[in-house]
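[1] got a sequence here, can you model it:
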Amino acid sequence: MDKLLKCTLSLFCLLYIEFIQAQTQIDSGSVSVKWQFAGSPYWVTGNITIPLDSVLVIDPGVRIEFKGGYSFNVQGRVLAIGAPNDTILFTADSANFATGWRGILFNKTPIERARLNS
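    Residues are numbered from 1 along each chain as shown. All right, here's what the predicted structure looks like:
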């Protein structure tokens, strides 16, 4: 019985930690600076743009969920470098998965050393 109680408490703690994980809402407009893992997932609730001469750095392990048919317009630079076991995910949230999101548009942005994997 003692072992069952320890397992149950451990499972509860793991689920609680997952539940209280931070999330950051990104409203429509300009974005830049840094999206850190500690603020993940990032919930995009409107069309977003990285302006010319601006940079958005996205840390490994960050999850970006689009909450509707919104787009990500890159006019400046996005630096999103994941790792094999710590990827960066752009996706539609589960409520909008069937309709999706409008993707990433590189608008007058020089693309150097870019690799996009699905």
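[2] check contacts around the residue nearest the centre of the chain.
    Centroid-nearest residue in the chain: Ile64, 1.9 Å away (criterion: Cα atoms, centre = their mean). Going by Cβ atoms under 8 Å, 6 or more residues apart in numbering, Ile64 touches 35, 41-42, 44, 58, 88-91. No exception for glycine: its C-beta is placed from N, CA and C like everyone else's.
[3] narrow those residues to those in strands?
    Those of these mapping onto strands are 35, 42, 44, 58, 89-91, per DSSP state E.
[4] ok, back up a step: can I get the contacts of Ile64 in TSV including pLDDT?
    Below are those laid out as TSV (pLDDT from 0 to 100):
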residue	pLDDT
Trp35	95
Pro41	94
Tyr42	95
Val44	94
Ile58	95
Ile88	92
Leu89	91
Phe90	91
Thr91	89
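[5] just the buried subset of the residues you listed, please.
    Neighbour counting over these (16 or more other Cβ atoms under 10 Å) leaves 35, 41-42, 44, 58, 88, 90 as the buried ones.
[6] many thanks, I have nothing further to ask.
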